[in-house]
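A.B. asks: No sequence on hand, only this structure:
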């Protein structure tokens, strides 16, 4: 297993929600507004994680049905426990081989997943296959190369200052294609045309340092996976480095922000 992928721990649903799910939940309504989501439609959420986007679809879009798929049993279990809506069905499944009939969904969407899929073009091709003619395929991922997730960038900058090898694990280096141009190119290679792109930004304000630090100690995601792999002394040095370098407001809150790239295309 590649060193970078070794730290991609994704099974613990509650831990992931504390680390990333809460911020994905902030992006989701802006994303749905941008894609002109519609009402009374059949949806597929690819790589649903703990259900941040799925819950927002149910709350805002009045879908006729929603199928949400993720390869992680832990994530699917967490989503099922939180979302009891009878219109929603959660399944374990692979984005590269979606277990649905062709042309069966009006909206096929994905949040913060594509960069972790081994064969991204295959996943996009599958999403296009599932969409009905006139339907929409859309997704969003973080702007990793542009430092769009400031709390991640702060973590990896501090980690690399203590352990230079950590720089190779940072998402910006691992996912250089997560730019408007790179993601559009992936969609074109998967057969999409008339691709629209936008950036979506939301603030990520942490109440205090513990609110910032604790999710990194839970192991769900690349940076937390790296954090829990450290020995106690190395982890404490990293904690102290972050305490010394993060921006603070007078009330102790840590004001940062995130930026995602969102892409959409209508299926002919």
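C.D. replies: That came in fine, so what should we check first? What you see is a predicted model, and the numbers here were worked out from it, not measured in a lab.
A.B. asks: any idea which residue sits dead centre in this structure?
C.D. replies: residue 112 (2.1 Å; CA atoms, centre = their mean).
A.B. asks: I'd say it and residue 148 touch.
C.D. replies: No. No contact is recorded between residue 112 and residue 148 when judged using CB atoms under 8 Å, the distance being 11.5 Å. (C-beta placed from N, C-alpha, C; glycine too.)
A.B. asks: Give me the common contacts of the two.
C.D. replies: 142, 260 (CB atoms under 8 Å, 6 or more residues apart in numbering).
A.B. asks: Counting neighbours, what do you get for the nearest residue to residue 82 once chain neighbours are set aside?
C.D. replies: Counting by CB to CB, 6 or more residues apart in numbering, residue 51 is the residue found nearest to residue 82 once chain neighbours are left out, at 5.8 Å. Neighbouring residues of residue 51 were enumerated by other CB atoms under 10 Å; the total is 28.
A.B. asks: For residue 51, give me its contacts.
C.D. replies: With the criterion set at CB under 8 Å, 6+ apart, residue 51 makes contact with 21, 68, 78-79, 82-83, 90.
A.B. asks: Swap in 6 Å and give it another go.
C.D. replies: Taking CB atoms under 6 Å, 6 or more residues apart in numbering, we find residue 51 in contact with 79, 82-83.
A.B. asks: again with residue 242
C.D. replies: residue 158 are the contacts of residue 242 under CB under 6 Å, 6+ apart.
A.B. asks: Repeat that for the one 4 residues further on.
C.D. replies: With contacts taken as CB under 6 Å, 6+ apart, residue 246 has the following neighbours: 154, 254.
A.B. asks: ok, now how distant is it from residue 29?
C.D. replies: Distance, residue 246 to residue 29, by CB to CB, to the nearest Å: 27 Å.
A.B. asks: quick one: buried residues of stretch 100-119?
C.D. replies: Of the residues in stretch 100-119, those with enough neighbours to count as buried (16 or more other CB atoms under 10 Å) are 100, 104-117.
A.B. asks: Figure out the length between the terminal residues of stretch 202-212.
C.D. replies: With CA to CA, to the nearest Å applied, stretch 202-212 spans 16 Å between its terminal residues.
A.B. asks: Kindly report the same for stretch 164-177.
C.D. replies: End-to-end span of stretch 164-177 (CA to CA): 23 Å.
A.B. asks: And for it, what's in contact with it?
C.D. replies: Contacts with stretch 164-177, where a contact means CB under 6 Å, 6+ apart, come from 4, 115, 144-145, 156, 159-160, 226.
A.B. asks: So which elements touch whatever helix or strand residue 44 lives in?
C.D. replies: Under the assignment given by DSSP states H and E, the secondary-structure element containing residue 44 is strand 42-46. Helices and strands touching strand 42-46, by 3 or more CB pairs under 6 Å, 6 or more residues apart in numbering; DSSP states H and E, are helix 52-60, strand 65-70, strand 105-111.
A.B. asks: could these go into JSON lines alongside distance to residue 191 and mean pLDDT?
C.D. replies: JSON lines is the format used below for the helices and strands packed on strand 42-46 (distance: least, CB to CB, whole Å; pLDDT from 0 to 100):
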{"stretch": "helix 52-60", "distance to residue 191": "24", "mean pLDDT": "95"}
{"stretch": "strand 65-70", "distance to residue 191": "21", "mean pLDDT": "97"}
{"stretch": "strand 105-111", "distance to residue 191": "14", "mean pLDDT": "97"}
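A.B. asks: So for stretch 184-194, what gets flagged as buried?
C.D. replies: Judged by neighbour count using 16+ other CB under 10 Å, the buried positions of stretch 184-194 are 184, 186-187, 190, 192.
A.B. asks: ranges for the strands of this protein?
C.D. replies: Remark: strands of the chain, listed N- to C-terminal, are 42-46, 65-70, 88-92, 105-111, 131-142, 196-206, 254-266; assignment by DSSP state E.
A.B. asks: distance between the ends of stretch 115-122?
C.D. replies: Stretch 115-122 has an end-to-end distance of 12 Å (criterion: CA to CA).
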